[in-house]
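**Student:** build the 3D model from these lines:
(one chain, ligands or ions: 1)
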Amino acid sequence: MSDSPAATDEPLGFHSIDDERDERLAVTGAVPSWLSGTLFRNGPGTFRVGEDSVDHWFDGLAMVQRYSFADGAVHYRNRFLRTDAYAAAQDGEFDGGFATGTSTLRDRLYDTLFAEPYDNTNIIVERVGEEYLALTESPRWVGLDPETLATTGHVQYDGPAPAGDLTCAHFQYDPARDTHVTFDVEFGRQSHYHVYEMRSPRRRQVLASIPVDRPAYMHSFALTPNYVVLTEFPFDVNPLAFFKPGRQGPFVENFDWRPAAGTRVHIVDRTGGGVVATARSPATFGFHHVNAFEDDGDIVFDLETVPDAAAIETLSLAALRAGDLDAFGGRLHRYRIVDPEGTARVERRLLYGGGTALPTVSPDVWLDRHRYVYSQGTDQPVTEWPTAVRKIDTETGDVVEYDDTGDHFSEPIFVPRPDGDREDDGVVLTVALDTGADRSVLVVLDGETMTERARAPLPHAVPFDFHGRYFPELTV
Ligand SMILES: [Fe+2]
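**Tutor:** Model (predicted):
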């Protein structure tokens, strides 16, 4: 932690709030009457508690937003998760977990292994079985009441398989099997990636345990009907550092960028065959896989890439607040693994070189061939927070953009119209930060044309957040 900056040092978007609201929003335009369900968004609500503050965007205290849609109306609620991290922050121990703090990796892992893992679950909200879970990259999930957003307690595995020290927060959901897939990283003298499926958060089935000498930082992965694909970027850590004194600094600073190692692509058979191949690809780095599918026996997935892991540093609050965003914007690459159980040759081509961030597709095409990718739009290189929402046609290369001067946009979430007959028949939900009005605005865009259909101002400005998930079954 570091000394608290004055409020004036917190520009809009990287500011801190403490109010919790629960109110119907005034709507201009028309929210489609078929839009019935709930959007959860998760992200940092405050970077400062009392005298303490954190240094990195990823380290703000988790605050969940809920947008409920019914009969053209929108109801908004926000609430901080009452986690152990939240309680500790109130007690003067605001410690970010990812890129803030001075503890050694050994200390951090000691805490992970022998004490309760860090629980500032600010990345996303998922539903697993009947439980709604807030997630971060430690294996300690936080349950929440989907109506009140009240924190309901911790959820951890009880299963016989080894639990990891880190967990991928980007679970992939397979609608056909009604199951989630993710992986843990277990550090040790012999480290492992444990890839597993779960039908509820209390039971899991390990698909493969992959031994690894230097575990990499992998924020997401790809899932197809038959395969799990781990894209292992050369941004990794020597786990033996756990047992040696002297490596100081925040958790993520213990990772090294080693481009000469290239990118390894582990292909896991979901039907019990374990690792069928480990393929090679040039060095790259990325946070988000977009979607994956199978095409005539090949595995195809889209990945948002940046040239190297410097992206993590550019997301420090000092850099962001200074407007120092001289970073490479994300690009969309398409990977094809030809003959995954044979030669496993990796082909890669650029789909879109403009700036993207937090790309998504319609949930109707998860694990299936997709055509349209929705993403935040940035300059290339990035000079400011995303000022557009883009729809990228991966077949034609056409790009349709929505922007509105003065607005910065969150990750777009596409909601398909029930019984729609096109992939882009639906709406895109995004939350804009209206810098002119000092408040956030829910914006509803047409999924085909990217024109604005409705907007609903919030009672306050929400700090820039991470991920949303829309649950059509959660109606009010
Ligand atoms: Fe993410």
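**Student:** on the three-state scheme, Ile312 is what?
**Tutor:** On the three-state scheme (DSSP: H, G, I helix; E, B strand; the rest coil), Ile312 is labelled helix.
**Student:** state the distance from it to Trp257.
**Tutor:** Distance of Ile312 to Trp257, given as CB to CB, to the nearest Å: 10 Å. For glycine as for every other residue, the C-beta is placed from the backbone atoms N, C-alpha and C.
**Student:** which residues does the helix or strand harbouring Asn291 contact?
**Tutor:** In this structure, Asn291 sits in strand 289-295 according to DSSP states H and E. For strand 289-295, the surrounding residues in contact (CB atoms under 8 Å, 6 or more residues apart in numbering) are 170, 220-227, 229, 231, 299-304, 332, 336, 359-361, 365-370, 373.
**Student:** flag every buried residue along it.
**Tutor:** 289-294 (16 or more other CB atoms under 10 Å).
**Student:** quick one: strands adjacent to that strand?
**Tutor:** Strand pairing for strand 289-295, using DSSP bridges, gives strand 298-305 (antiparallel).
**Student:** Gly60: how many residues sit nearby?
**Tutor:** 27 (other CB atoms under 10 Å).
**Student:** residues in contact with it?
**Tutor:** 16, 43-47, 54, 122, 463.
**Student:** Val338 too?
**Tutor:** 298, 344-347.
**Student:** what about Thr387, neighbour count?
**Tutor:** Neighbours of Thr387 using other CB under 10 Å come to 20.
**Student:** just checking, which helix or strand of this structure averages the lowest pLDDT?
**Tutor:** Sorting the helices and strands of the chain by mean pLDDT, DSSP states H and E puts strand 2-3 at the bottom, at a mean of 41.
**Student:** among the contacts of Val338, who's most crowded?
**Tutor:** Val346 (19 neighbours).
**Student:** give the contact list for it.
**Tutor:** 265, 279-281, 335-338 are the contacts of Val346 under CB under 8 Å, 6+ apart.
**Student:** ok, so of those residues, who is nearest Gly426?
**Tutor:** Gly426 lies nearest to Tyr335 out of the contacts of Val346, by CB to CB, at 26.5 Å.
**Student:** among the contacts of Val346, which one has the most neighbours?
**Tutor:** Of the contacts of Val346, with other CB under 10 Å as the count, Ile337 tops at 27 neighbours.
**Student:** in the sheet, who's paired with it?
**Tutor:** Residues in beta-bridge contact with Ile337 (DSSP bridges): Ile299, Val346.
**Student:** Asp145 - how many residues pack around it?
**Tutor:** With other CB under 10 Å as criterion, Asp145 counts 11.
**Student:** tell me how far the closest residue to it other than its chain neighbours lies from Thr475.
**Tutor:** Ranked by CB to CB, 6 or more residues apart in numbering and with sequence neighbours excluded, the top spatial neighbour of Asp145 is Thr152, at 5.7 Å. Per CB to CB, Thr152 is found 20 Å from Thr475.
**Student:** neighbour count for the two, which is higher?
**Tutor:** Thr152 (16 against 11).
**Student:** surely that one is in a strand?
**Tutor:** Yes: applying three-state DSSP, one finds Thr152 inside a strand.
**Student:** now do the contacts for it.
**Tutor:** 143-145.
**Student:** dump those to JSON lines, plus secondary structure, distance to Asp398 and pLDDT.
**Tutor:** Formatted as JSON lines, the contacts of Thr152 follow (DSSP: H, G, I helix; E, B strand; the rest coil; distance: CB to CB, whole Å; pLDDT from 0 to 100):
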{"residue": "Gly143", "secondary structure": "strand", "distance to Asp398": "42", "pLDDT": "96"}
{"residue": "Leu144", "secondary structure": "strand", "distance to Asp398": "39", "pLDDT": "97"}
{"residue": "Asp145", "secondary structure": "coil", "distance to Asp398": "42", "pLDDT": "98"}
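**Student:** which parts of the stretch 201-350 of the chain are strands?
**Tutor:** 203-212, 222-223, 227-232, 235-236, 256-257, 263-269, 274-281, 289-295, 298-305, 330-338, 345-360 (DSSP state E, counting those that start in this stretch).
**Student:** and the stretch 51-200 of the chain, by the same measure?
**Tutor:** Here the stretch 51-200 of the chain has its strands, by DSSP E, counting those that start in this stretch, at 52-53, 61-70, 73-80, 124-128, 131-135, 141-144, 151-155, 166-167, 172-174, 179-186, 191-200.
**Student:** angle of the fourth one against strand 179-186?
**Tutor:** Calculated by axes from the mean of the first three to the mean of the last three CA atoms, to 10 degrees, strand 124-128 forms an angle of 120 degrees with strand 179-186.
**Student:** pretty sure Glu126 sits against Val181.
**Tutor:** No: contact status for Glu126 versus Val181: not in contact, 11.8 Å apart, counting by CB atoms under 8 Å.
**Student:** who's Tyr196 bridged to?
**Tutor:** Beta-bridge partners, per DSSP bridges, of Tyr196: Thr182, Val206.
**Student:** which residues does it contact?
**Tutor:** 161, 181-184, 204-207.
**Student:** okay, those residues in CSV with pLDDT, neighbour count and distance to Thr394 next?
**Tutor:** Shown next, in CSV, are those (pLDDT from 0 to 100; neighbours: other CB atoms under 10 Å; distance: CB to CB, whole Å):
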residue, pLDDT, neighbour count, distance to Thr394
Ala161, 53, 14, 37
Val181, 96, 22, 23
Thr182, 95, 25, 25
Phe183, 95, 26, 26
Asp184, 92, 23, 31
Arg204, 83, 23, 33
Gln205, 87, 14, 32
Val206, 90, 17, 33
Leu207, 94, 21, 28
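**Student:** one step back: mind listing the shared neighbours of Glu126 and Val181?
**Tutor:** 171, 173.
**Student:** and Ala454, how many neighbours?
**Tutor:** A count of nearby residues for Ala454, using other CB under 10 Å, gives 18.
**Student:** dump the residue contacts of the closest residue to it other than its chain neighbours.
**Tutor:** Nearest non-adjacent residue to Ala454, counting by CB to CB, 6+ apart: Gly29, 3.6 Å away. Taking CB under 8 Å, 6+ apart, we find Gly29 in contact with 444, 452-455.
**Student:** in strands only, show me the contacts of Gly60.
**Tutor:** 43-46 (DSSP state E).
**Student:** so which of the residues you listed comes closest to Val428?
**Tutor:** Once CB to CB is applied, the member of the ones in strands among the contacts of Gly60 that ends up nearest Val428 is Gly43, at 18.3 Å.
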